[in-house]
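# model this:
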Amino acid sequence: MRATLRLTALAVLALGLLTGCSQTVPLTPATDAANPECAEVTTRLPEYVAELGQRDTNAQATSAWGSPADVLLYCGVAVPDPTASLTCVTVDGIDWLRDPEDDPNFTFITYGRDPAIAVVVNSENVSGSTALTDLSAAVSIIPSERACVTPDEILEGGSPVDAPTETETETP
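As a prediction, this is how the structure comes out:
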């Protein structure tokens, strides 16, 4: 009888640990989360991002990786304005606007794609470029309609016009 209780207790403990590791991540869906292209993206998301396992979320067109979740994805966020002043980085042919406002969490938003996708990365634990590289195949399903402008493209008559001083590119 004691052995049965011990086995039952161990089974309950193991089940509790397993469910504790895979708790659903509570997120809020983006405004355009019901866009069919978001469904195309979410069905192609990788199981691992930056070697972190994918977790279930409670919101449409979202995903999370890691425990705690260090990478979050939201499809259907507002398409950024072409005059945005955020730094643009290009990873695997996809332009991303980087918003450092919530440091150490960086928010990357696709530029030139509709619907837009936001990826939030805890930069203390995960490299933003690694996360974006791992997500690029799924994100590339949404066609690019615009691209970030490089410093060379900004030049007018041989003189820089608001050219960025960094090696990263700025949006027009």
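# tally of neighbours for residue 81?
Residues lying near residue 81 (other Cβ atoms under 10 Å) number 10. Quick note: C-beta positions are derived from backbone N, CA and C, even for glycine.
# quick one: it from residue 139, how far?
Per Cβ to Cβ, to the nearest Å, residue 81 is found 20 Å from residue 139.
# Please report phi then psi for the residue most central in space within the chain.
By Cα atoms, centre = their mean, the chain has its centre lying nearest to residue 119, at 2.1 Å. The phi and psi values for residue 119, taken as degrees, to the nearest 10, are phi -120, psi 120.
# shouldn't it be in contact with residue 107?
Yes. With contacts counted by Cβ atoms under 8 Å, residue 119 reaches residue 107, the gap being 7.3 Å.
# check contacts around residue 117.
41, 73-77, 109-110, 139, 142 (Cβ atoms under 8 Å, 6 or more residues apart in numbering).
# I'd like these written out as CSV, with secondary structure added.
Compiled in CSV, these are given as follows (DSSP: H, G, I helix; E, B strand; the rest coil):
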residue, secondary structure
41, helix
73, strand
74, strand
75, strand
76, strand
77, strand
109, strand
110, strand
139, helix
142, coil
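# Which member of those residues is positioned nearest residue 34?
Nearest to residue 34 among these: residue 76, at 7.2 Å, using Cβ to Cβ.
# average pLDDT for stretch 108-126?
Mean pLDDT, stretch 108-126: 97.
# go on, stretch 42-49?
Across stretch 42-49, the average pLDDT comes to 99.
# Can you classify residue 136 by secondary structure?
Residue 136 ends up helix, using three-state DSSP.
# oh, and call the first residue 49 from now on, that's how I've got it
With 49 as the first residue, the last one maps to residue 184.
# out of the contacts of residue 165, who's nearest residue 173?
Closest to residue 173, out of all of those and judged by Cβ to Cβ, is residue 121, at 15.9 Å.
# Next, count neighbours for residue 95.
8.
# Equivalent analysis for residue 186, please.
Per other Cβ under 10 Å, the neighbour tally for residue 186 reads 20.
# Over to the one 3 residues further on?
Other residues within reach of residue 189 by the criterion other Cβ under 10 Å amount to 15.
# Residue 87 is in contact with that one, correct?
No. If you go by Cβ under 8 Å, residue 189 and residue 87 don't touch, sitting 10.0 Å apart.
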